[in-house]
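>>> Coordinates for the following, if possible.
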Amino acid sequence: MRPHDDIAAVDGRLLDELTTIVSAAAAAILAARAGSLEVRAKADLSPVTAADHAAEALILEGLARLLPGVCVVSEEAAGCAPPDRIPDSFVLVDPLDGTRELLAGRDEFTINVAGHSFGLFGMNGFFLTFASFTPAVAAMFLFQMVFMDTTATIPTGALAERWRFTSFVIYSFVIATLIYPVYGNWVWGGGWLAQLGKNFGLGHGHVDFAGSSVVHMIGGVSALVGARVLGPRIGKFDLAGRARPIPGHNMPMVALGTFILAFGWFGFNAGSTLAGTDTRIAVIAVNTMLASASGAFAAYLWTKTRFGAPDVSMLCNGMLGGMVAITAPCAFVSSPTAIFIGAVAGVLVIVSALFIENTLKIDDPVGASSVHGTCGAWGILSLGLFADGRYGEGWNGVPGTVRGLMYGDAGQLAAAIEQRKLLDGFLPHQVQPLLA
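The predicted structure follows:
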């Protein structure tokens, strides 16, 4: 037996066990969705309504998203070396009503600038108090919790091997209670970024269907800042400042984690319709699949051409980068455009990783800054460029469908650029003190 045969055998058994777990979890989720309404019908309970479908979809999407979330840390580790009273009634509101608000009549802290109202954060419903803890609120809370969890876990790969658990706890607490909720409110809660269209005529304001900016750019920029503050791993750079490769120790685990994440992405993107009754869900799912495939293939071609041989880790990052990039525009672009967006992301993730490592001299072991930060920014810009006007009627309270620069609305691209400048300028000042 060769020295590493026993390790390979263990890895193989572990992969088989994890695959079984994933399959069982997927089957359980599908069975829950199929069975819950059937049980309700047999019990002769109240009729199933669109709101029932919406709440159920949110809960199941949350459960589906938790599954790949559990695998994020293992995938990254394998890539490293050894207020006022709230109304009694709450309704799930169609996301195209312009606010994506869950609570009717909620209070918002606003400031007035040049005669325009800028919403900054909500003023009630904290800590899921008794008055606000309704089934609709619980469904949305679970839905947003798994998105926040994704944001919080992104920097773990970039900071791997060199930060204390206490620092991670503090960082996660700030992300979960301050940065993600506030920025999410600006984009998805009818805050000031969402109102750039109504207030200043910039398209439909900042549009991010499923989180290229709210989830991935926040995590990616945090990862980059954190890695810069902590410094490189011992031995990463030689005395001349040249980067030394530190290969990942378990590529099968990296690949498995990537495919589990890809599975969860269909819940991530398609579930962001907030209701299974929105037929656009099929287009979103297909665009997500196409962008992931083109991202992986473009990364393969780039590494093969540039370095003479493909690289498994870069191929995996290309797939993830394609999915990150399509997350914002997945509902607003055609299938050929989705392929293009994913392919560009597959190349960008490699170019960005090499730039961060060789030029900026920042050690990001798994390329989290490039996958989530760079590709998240590209996803937002691609929506401003390629949204084709087939979806999004009334989004953020602006009449008409969402169109990008290539389809006649330069303002949509301007809104995307403004939010990117804001996030790149604001977030580092919030994250750096936590890790200094």
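>>> what pLDDT, on average, does stretch 360-371 get?
If you average the pLDDT over stretch 360-371, you get 94.
>>> mind listing what's buried in that stretch?
Buried positions in stretch 360-371, judged by neighbour count with 16 or more other C-beta atoms under 10 Å: 362-371. C-beta here means a position set from N, CA and C on the backbone, and glycine is covered the same way.
>>> Could you dump those into CSV with distance to I218 and secondary structure added?
Below are those laid out as CSV (distance: C-beta to C-beta, whole Å; DSSP: H, G, I helix; E, B strand; the rest coil):
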residue, distance to I218, secondary structure
I362, 18, coil
D363, 21, coil
D364, 16, coil
P365, 20, coil
V366, 17, coil
G367, 17, coil
A368, 12, helix
S369, 12, helix
S370, 15, helix
V371, 13, helix
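>>> with those in mind, which one is nearest to F126?
Nearest to F126 out of the buried residues of stretch 360-371 is A368 (C-beta to C-beta; 30.7 Å).
>>> circling back: between the buried residues of stretch 360-371, which is nearest N199?
In terms of C-beta to C-beta, no member of the buried residues of stretch 360-371 lies closer to N199 than S369, at 32.2 Å.
>>> Against S172, how distant is L178?
Remark: distance between L178 and S172 (C-beta to C-beta, to the nearest Å) = 11 Å.
>>> between these two, who's got more neighbours?
S172 (18 against 12; other C-beta atoms under 10 Å).
>>> pLDDT on the helix or strand harbouring the more buried one, on average?
Element membership for S172 (DSSP states H and E) is helix 165-174. Per-residue pLDDT over helix 165-174 has a mean of 90.
>>> tell me what that helix is packed against?
Applying 3 or more C-beta pairs under 8 Å, 6 or more residues apart in numbering; DSSP states H and E, we find helix 165-174 packed against helix 410-435.
>>> again, only using 10 Å
helix 135-153, helix 155-158, helix 218-230, helix 410-435 (3 or more C-beta pairs under 10 Å, 6 or more residues apart in numbering; DSSP states H and E).
>>> Could you check the next helix-or-strand element following it and say which residues are buried?
Using DSSP H and E, the next helix or strand after helix 165-174 towards the C-terminus is helix 180-188. Neighbour counts over helix 180-188 (16+ other C-beta under 10 Å) mark 180-181, 183-188 as buried.
>>> what about the stretch 51-200 of the chain, any weak spots by pLDDT?
51-106 (pLDDT under 70).
>>> circling back: turn the helices and strands packed on helix 165-174 into CSV, including distance to T166 and mean neighbour count.
Listed next are the helices and strands packed on helix 165-174 as CSV, based on distance: least, C-beta to C-beta, whole Å; neighbours: other C-beta atoms under 10 Å:
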stretch, distance to T166, mean neighbour count
helix 135-153, 15, 20
helix 155-158, 14, 27
helix 218-230, 14, 26
helix 410-435, 11, 18
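>>> For those helices, give me CSV that also has distance to F165.
CSV is the format used below for the helices and strands packed on helix 165-174 (distance: least, C-beta to C-beta, whole Å):
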stretch, distance to F165
helix 135-153, 14
helix 155-158, 11
helix 218-230, 14
helix 410-435, 13
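>>> and of these, who's closest to F307?
Proximity to F307 (C-beta to C-beta) singles out helix 155-158 among those, at 22.0 Å.
>>> ends of stretch 148-164, how far apart?
Using C-alpha to C-alpha, to the nearest Å, the end-to-end distance of stretch 148-164 comes out at 21 Å.
>>> how far is it from where the chain is centred?
Chain-centre distance of stretch 148-164: 14 Å, with C-alpha atoms, centre = their mean, to the nearest Å.
>>> again with stretch 405-417
Centroid separation for stretch 405-417 versus its chain: 22 Å, with C-alpha atoms, centre = their mean.
>>> Give the rounded mean pLDDT of that stretch.
For stretch 405-417, the per-residue pLDDT averages 93.
>>> Residues touching that stretch, excluding its own?
Residues outside stretch 405-417 that contact it (C-beta atoms under 10 Å, 6 or more residues apart in numbering): 193-194, 196-197, 200-208, 212-213, 328-329, 332, 337, 377, 379-390, 396, 398, 400-404.
>>> so of the residues you listed, which ones are in helices?
196-197, 200, 337, 377, 379-386 (DSSP state H).
>>> Buried ones among those residues?
Here, 16+ other C-beta under 10 Å leaves 196-197, 337, 377, 379-386 buried among these.
>>> Farthest pair within those residues?
Farthest-apart pair in these is L196 and T337; separation 23.2 Å (C-beta to C-beta).
>>> Would you reformat the buried residues of stretch 360-371 as JSON lines and include distance to C316?
Converted to JSON lines, the buried residues of stretch 360-371 look like this (distance: C-beta to C-beta, whole Å):
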{"residue": "I362", "distance to C316": "20"}
{"residue": "D363", "distance to C316": "19"}
{"residue": "D364", "distance to C316": "15"}
{"residue": "P365", "distance to C316": "14"}
{"residue": "V366", "distance to C316": "9"}
{"residue": "G367", "distance to C316": "9"}
{"residue": "A368", "distance to C316": "12"}
{"residue": "S369", "distance to C316": "16"}
{"residue": "S370", "distance to C316": "12"}
{"residue": "V371", "distance to C316": "9"}
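>>> ok, those residues vs L256, which is closest?
V366 (14.5 Å).
>>> If we ignore the residues flanking it in sequence, what's nearest that closest one?
G157 (3.6 Å; C-beta to C-beta, 6 or more residues apart in numbering).
>>> Check the contact between the one you found and A353; I expect there is one.
No - between G157 and A353 there is no contact under C-beta atoms under 10 Å: 11.8 Å.
>>> G235: neighbour count?
With other C-beta under 10 Å as criterion, G235 counts 9.
>>> Start at 653, not 1
Got it, the first residue is 653 from now on, which makes the last one we talked about G887.
>>> Please tell me the pLDDT value assigned to it.
pLDDT for G887: 90.
>>> Would you check that it makes contact with I898?
Yes - in this structure, G887 is within contact of I898 by C-beta under 10 Å, at 7.3 Å.
>>> the strands in the stretch 853-1002 of the chain, which residues?
Counting by DSSP state E, counting those that start in this stretch, the stretch 853-1002 of the chain has no strands to list.
>>> circling back: A927: which of the buried residues of stretch 1012-1023 is nearest?
Scanning the buried residues of stretch 1012-1023 for proximity to A927, where the rule is C-beta to C-beta, the winner is V1023, at 29.3 Å.
>>> Can you give me the distance of that closest one to Q1064?
For V1023, the distance to Q1064 - C-beta to C-beta - is 25 Å.
>>> before we move on, the earlier item: pipe the ones in helices among the contacts of stretch 1057-1069 into CSV and attach distance to G916 per row.
As requested, these are exported to CSV (distance: C-beta to C-beta, whole Å):
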residue, distance to G916
L848, 30
G849, 31
F852, 36
T989, 23
A1029, 22
G1031, 17
I1032, 21
L1033, 24
S1034, 22
L1035, 22
G1036, 26
L1037, 27
F1038, 25
